[in-house]
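Enquirer: Sequence first, then the predicted structure:
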Amino acid sequence: EYGRQVRSEAPAIADEEIAKALESYDQLLSEREDNVLIQDVLFNAGFANQLLEKDEAAQPLYQRLVDEYADHPAAPNGLLQLARIAYAASELKQAEDIYTAFLNRFPESELRNTTRMELGLTYKRLQDTDSAIAAYEMVEADWDKWPTVQVELAELYMGKQEYEKARKALSRALDRAGDDTLKGQMHYTLARVHFAEDNFAGAIDSWGQAITLNPPVHILQNSLLARGGAYYEVAKQQDVVGDTAQARISYEASLEDMKALLESDPAPQIKDSAFRTLGAGMIRLGRQEEAASYYQELIAASDDPQEQATFSMLLTELYYDQQDFVQAEKFARQLLDMQFEDDNQAGYYRKERAYSIIGNALLQQKKYEEAARIFAQGLKRYPNSGESGNLAFSKGFAEISYGDYETAAKSFKSFVEKYPRNANRIHGQYYLAHSLQALTRFKEAAAAFTELVERYLQSQYEEEALFLIGENYYNEQAFAEAVTAYQALLAKYAQGPYGGSAQYALAWSFVEQEEMEQAVGAMQDLVANYPESEFAPKAQFTIGDYYYNIQSYDEAMATYEQVLKLYPNSEEASRATTLVEELSEIQASFSYNEAMKLFEAKDYEQAVPALQKIIRDYPGTYTELAAYCNLGLVYEITRQWSQAVENYQVVEEKGGDKPENADVVSFAKLHREWIVENRL
């Protein structure tokens, strides 16, 4: 007990006293197996080992207590310590099992609520949110630490975006909170719930209550930062609806919170956020020059190189946010020349960030090659820092922007491999694939787009990537793989912007594999499902070509006629017109041959209607004129002179002076004149 009492003031003496106690405990355990105090000795020896941070020595002592003396009052404490040892060793599943066993074996123990709370913490570390919530909900409301548990419970509900439940937990806890520190924490957490729900007024009120309770420094600073941010968001909303007067009040309130926060000398990251919000608020109030002057005055007034660097960085970012890229570049370059002890407490080095701003300012000015050089310099100097990933990505983007696809491909490949957790990795994968495609390395491009789809499901790039996988395989002449890719796109994004193109490319992938039935089916689907697509008339015409080539002339004729009907102004329409005429002649010649068989067999009774049908079905063709001639000849043979003359006359009128009709016109004229002269 003495060792425990002096542990905080004199740890060396404490350890010495606890070690003496352990010697006594060990002696008791070795000498007397029947000692009536053995259960207490086991527990105290275990606890003494824990105080000396020797959990591995404590564990078997507690285990013996639990196994051999399960009914002793110290057994629950021993079991709980076993769970805590497992928890401390990150043996979380084992800790879960022990905590659960405790609750099953000792449901009425005074330690049951402690166990439920610690079981909840275990589930939280296991990322089993629902089980953690269930454990916390089991904690009884009359337990003195119940309000603290409700704060933990609210955090879990916030993580699940179940904000109403989070609010209820905090409201219950506020009624029971006994001290201002805990109340301040609850108001702070409740404010975060309101903010997550976009209830900025409620958030501002709750952060205000947290601040008035004089909370610990970290809660006070975070409350000022968050409330100032909430005022800023409210002001933006008021600006949107035209309430500029009220917006000014909110912006001013935001500035007051940021200034109060800065007076408390917060950590670098919080300080940076406060200065940023302060500058943004001034800009919103139309005080851009004041904001710039404010930072410049801070730079001039400070004799601390670190502070000067911080304010120079904020001034640089202020100009960048104003899209004054020339000034942003100027001050960022000045920062590179400054002498100060750079550190990455804000998550990046200031000079590293300066390289990033210079490069991005040059990108905005479309000075891509110069930007690429700056990014490369920054990356060489800071290869493994907070901004390194962004520098690497931006370098590749600059290179692809000025058309150096070879270098861009190398840059993006290096970026995606070295910075897998960078927020721009998805974009790096996208541009890597495009760089490879531009280099006509189609197989590699297809693989890169495939990785993009598989790694980032439902991303903004998924639809385009699925299409380009097919395109790259098609260009690689890997038509089977192209078919699979196009079908994957159509299965998921049939009505998207790439649907018609993918359907047409799918059809031609079948054509390239000489799978003509599938190709025709795909083109028919294109016409049916994408009638407005630029490829629809091409598909309809190609279907006609297919039928023409296999000599299915009726289907070919019907298909070409659909081109004329559906797409009269397309390029394919004029070609279809020619083919319709050609097919008409072909079909007419077939019918004509059948009719002439009847004629030659002198079956005039059947020949006449057959010839008349040709005249009806194929107007404007050469075969029509031939049918009129032979019909006239039938009438001439059967001595029906007037009908013969009538048919010959039609041939002369329709045939006219066209050279291609000269033979039938000459025949008709000769026979008509003879009949008129000799028989009529």
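Expert: Received the coordinates, thanks. Keep in mind that this is a model prediction, so the values were computed, not measured.

Enquirer: and Leu452, how far is that from Glu572?
Expert: Separation of Leu452 from Glu572 (C-beta to C-beta, to the nearest Å) stands at 36 Å. Backbone N, C-alpha and C define where each C-beta goes, glycine included.

Enquirer: To clarify, my last question referred to Gln643.
Expert: Distance from Gln643 to Glu572, by C-beta to C-beta: 43 Å.

Enquirer: just Val217 next, same as before
Expert: 77 Å.

Enquirer: Looking at the two, which one has more neighbours?
Expert: Neighbours per residue, other C-beta atoms under 10 Å: of Val217 and Glu572, the larger number sits with Glu572, 20 against 10.

Enquirer: Work out which residue lies at the spatial centre of this structure.
Expert: Ser459 (2.9 Å; C-alpha atoms, centre = their mean).

Enquirer: Which residues lie in contact with it in this structure?
Expert: 426, 452 (C-beta atoms under 8 Å, 6 or more residues apart in numbering).

Enquirer: So it, which state does it fall into?
Expert: Using DSSP: H, G, I helix; E, B strand; the rest coil, the secondary structure recorded for Ser459 is coil.

Enquirer: which regions of the protein sit below the pLDDT cut-off?
Expert: 1-8, 32-35, 584, 588 (pLDDT under 70).

Enquirer: Pull the strand or helix carrying Glu297 out as CSV, backbone CA atoms only.
Expert: Glu297 belongs to helix 288-301 when assigned by DSSP states H and E. Extracted C-alpha coordinates of helix 288-301, given in CSV (Å, rounded to 0.1, in the frame of the first residue of the first chain):
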residue,chain,number,x,y,z
GLN,A,288,-9.3,41.0,-49.0
GLU,A,289,-6.7,43.8,-48.8
GLU,A,290,-7.2,43.9,-45.0
ALA,A,291,-6.6,40.1,-44.8
ALA,A,292,-3.4,40.4,-46.9
SER,A,293,-2.3,43.4,-44.8
TYR,A,294,-3.1,41.5,-41.6
TYR,A,295,-0.9,38.6,-42.5
GLN,A,296,1.9,41.0,-43.8
GLU,A,297,1.7,42.9,-40.5
LEU,A,298,2.0,39.7,-38.5
ILE,A,299,5.0,38.8,-40.6
ALA,A,300,6.6,42.2,-40.1
ALA,A,301,5.8,42.3,-36.3
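
Enquirer: Now find how far off-centre that helix is within its chain.
Expert: Centroid displacement of helix 288-301 relative to its chain, using C-alpha atoms, centre = their mean, to the nearest Å, is 40 Å.

Enquirer: One more: stretch 653-661?
Expert: Put simply, stretch 653-661 sits 69 Å off its chain's centre (C-alpha atoms, centre = their mean).

Enquirer: in it, what counts as buried?
Expert: 654-655, 661 (16 or more other C-beta atoms under 10 Å).

Enquirer: Please render the residues you listed as JSON lines that adds distance to Pro537 and secondary structure to the earlier fields.
Expert: Output for these, formatted as JSON lines (distance: C-beta to C-beta, whole Å; DSSP: H, G, I helix; E, B strand; the rest coil):
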{"residue": "Lys654", "distance to Pro537": "32", "secondary structure": "helix"}
{"residue": "Gly655", "distance to Pro537": "34", "secondary structure": "helix"}
{"residue": "Asn661", "distance to Pro537": "33", "secondary structure": "helix"}
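
Enquirer: and these as TSV, adding distance to Ala173?
Expert: What follows is these, written out as TSV (distance: C-beta to C-beta, whole Å):
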residue	distance to Ala173
Lys654	100
Gly655	103
Asn661	102
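
Enquirer: Might you report the residue contacts of Gln238?
Expert: 244, 246-247, 250.

Enquirer: Then Glu555?
Expert: Taking C-beta under 8 Å, 6+ apart, one finds Tyr547 in contact with Glu555.

Enquirer: Okay, and it sits in which element?
Expert: Per DSSP H and E: Glu555 is located in helix 553-566.

Enquirer: tell me the angle of the next helix or strand after that helix relative to helix 553-566?
Expert: Next in sequence after helix 553-566, counting helices and strands by DSSP H and E, comes helix 571-600. Put simply, helix 571-600 runs at 140 degrees to helix 553-566, going by axes from the mean of the first three to the mean of the last three C-alpha atoms, to 10 degrees.

Enquirer: Tell me the buried residues in helix 571-600?
Expert: For helix 571-600, by 16+ other C-beta under 10 Å, it's 572-573, 576, 579-580, 583-589, 591-592, 595-596, 598-599.

Enquirer: Tell me how many other residues crowd the residue nearest to Gln437 when sequence neighbours are not counted.
Expert: Closest residue in space to Gln437, ignoring its immediate chain neighbours: Ala445 at 4.0 Å, by C-beta to C-beta, 6 or more residues apart in numbering. Ala445 has 26 neighbours, counted by other C-beta under 10 Å.

Enquirer: In which helix or strand does the closest residue to Glu140 other than its chain neighbours reside?
Expert: Excluding its sequence neighbours, the residue lying closest to Glu140 (C-beta to C-beta, 6+ apart) is Asn113, at 5.6 Å. Assigned by DSSP H and E, Asn113 falls within helix 112-125.

Enquirer: So what touches that helix?
Expert: Identification of contacts with helix 112-125 by C-beta under 8 Å, 6+ apart yields 80, 83-84, 87, 90, 92, 95-96, 99-100, 102-103, 106, 109, 129, 131-133, 135-136, 138-140, 143, 145-146, 149, 152, 156.
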